[in-house]
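*Asks:* got a structure for you, letters missing:
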């Protein structure tokens with residue numbers, strides 16, 4: 001194909017435009033590379049930050065797991081303590097009822113006894129001495145025997161009263177011991193409840209932080225993907241602009257040929273002269 005309608009002035013103007021275009025493209029490539037360098041640096045920092053957060057999330061997950069296990073153990077211990085306290089309270093109530101019964105019995109028997117145990121025994125011994133050492137009539141003998149029987153019955157009651165009092169004291173001691181045990185259990189339950197409350201609060205704080213970090217990871221993922229996509233766009237744009245530089249340089253070569261007076265151009269040279277980058281990709 002012959003090209004005859006190009007003047008030297010037109011060719012020089014075209015070459016000037018081509019040179020300017022090459023310069024502009026190269027400047028744009030430099031700008032894109034600078035932007036890409038910044039983005040790659042930011043992307044690296046973001047990925048480092050994301051890695052740290054992922055590691056922190058992993059640590060939080062382990063901490064939450066440990067806390068849940070500890071909390072489970074504390075709740076089990078608390079349940080056992082409450083069950084133990086319940087049994088102690090039931091035992092205390094039973095003993096308290098028994099103590100009240102014993103106290104009523106002691107008061108009842110105590111009203112019948114006017115003499116202490118030692119006095120009753122001395123009186124029995126005195127009457128038995130009289131019975132053994134004196135000559136008594138049948139009537140006197142019967143009276144003494146009857147009196148001794150009454151005193152022995154009274155002695156039995158006194159002995160029973162002494163036994164009841166001893167048992168009452170033992171029950172009171174057991175009640176005191178149980179009361180102390182119950183109070184100790186209440187204290188342990190209170191302390192354990194506080195521990196469970198604290199550890200639950202700590203777990204909830206960790207869960208909140210865990211969820212915040214998960215949200216941060218999602219946010220970072222979006223930013224990372226966005227910057228990576230921009231880097232990919234820049235890479236494609238740099239590639240296209242490099243290709244454009246090559247095209248402009250080849251076009252400049254064709255223009256130079258025309259300038260030198262060559263009239264025949266190949267189909268590829270015509271595409272370079274009149275087409276664009278996309279035409280050369282076909």
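*Replies:* In hand now; what should we look at? For clarity, every value in this text was computed on a predicted model and none was experimentally measured.
*Asks:* which residues touch the spatially most central residue of the chain?
*Replies:* Ranked by distance to the mean C-alpha position of the chain (C-alpha atoms, centre = their mean), the top residue is residue 203 at 2.5 Å. Taking C-beta atoms under 8 Å, 6 or more residues apart in numbering as the definition of contact, the neighbours of residue 203 are 64, 67-68, 71. Heads up, the C-betas are built off the backbone N, CA and C, glycines and all.
*Asks:* Counting neighbours, which of those residues end up buried?
*Replies:* By neighbour count, with 16 or more other C-beta atoms under 10 Å, the contacts of residue 203 hold 64, 67, 71 as buried.
*Asks:* so which strand or helix has the first one?
*Replies:* Using DSSP states H and E, residue 64 sits within helix 8-112.
*Asks:* roughly how far is that helix from the heart of the chain?
*Replies:* On the basis of C-alpha atoms, centre = their mean, to the nearest Å, the separation between the geometric centre of helix 8-112 and that of its chain is 7 Å.
*Asks:* Does the helix or strand following that helix pack against any helices or strands, and if so which?
*Replies:* Past helix 8-112, heading to the C-terminal end, the next element that is a helix or strand (DSSP H and E) is helix 117-133. In terms of contacts (3 or more C-beta pairs under 8 Å, 6 or more residues apart in numbering; DSSP states H and E), helix 117-133 is packed against helix 138-259.
*Asks:* Next, the angle from the helix it packs on to helix 117-133.
*Replies:* Direction vectors for helix 138-259 and helix 117-133, defined by axes from the mean of the first three to the mean of the last three C-alpha atoms, to 10 degrees, enclose an angle of 150 degrees.
*Asks:* orientation of helix 138-259 relative to helix 8-112 in degrees?
*Replies:* Using the same axes, to 10 degrees, the direction of helix 138-259 lies 180 degrees away from that of helix 8-112.
*Asks:* What average pLDDT does helix 138-259 get?
*Replies:* Average pLDDT, helix 138-259: 88.
*Asks:* same deal with stretch 17-36?
*Replies:* The average of the pLDDT scores along stretch 17-36 is 83.
*Asks:* Please spell out which residues along it are buried.
*Replies:* In terms of neighbour count (16+ other C-beta under 10 Å), stretch 17-36 has its buried residues at 18, 21-22, 25, 29, 32, 36.
*Asks:* Turn those into JSON lines, columns for distance to residue 178.
*Replies:* Formatted as JSON lines, those follow (distance: C-beta to C-beta, whole Å):
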{"residue": "18", "distance to residue 178": "106"}
{"residue": "21", "distance to residue 178": "101"}
{"residue": "22", "distance to residue 178": "101"}
{"residue": "25", "distance to residue 178": "96"}
{"residue": "29", "distance to residue 178": "90"}
{"residue": "32", "distance to residue 178": "85"}
{"residue": "36", "distance to residue 178": "80"}
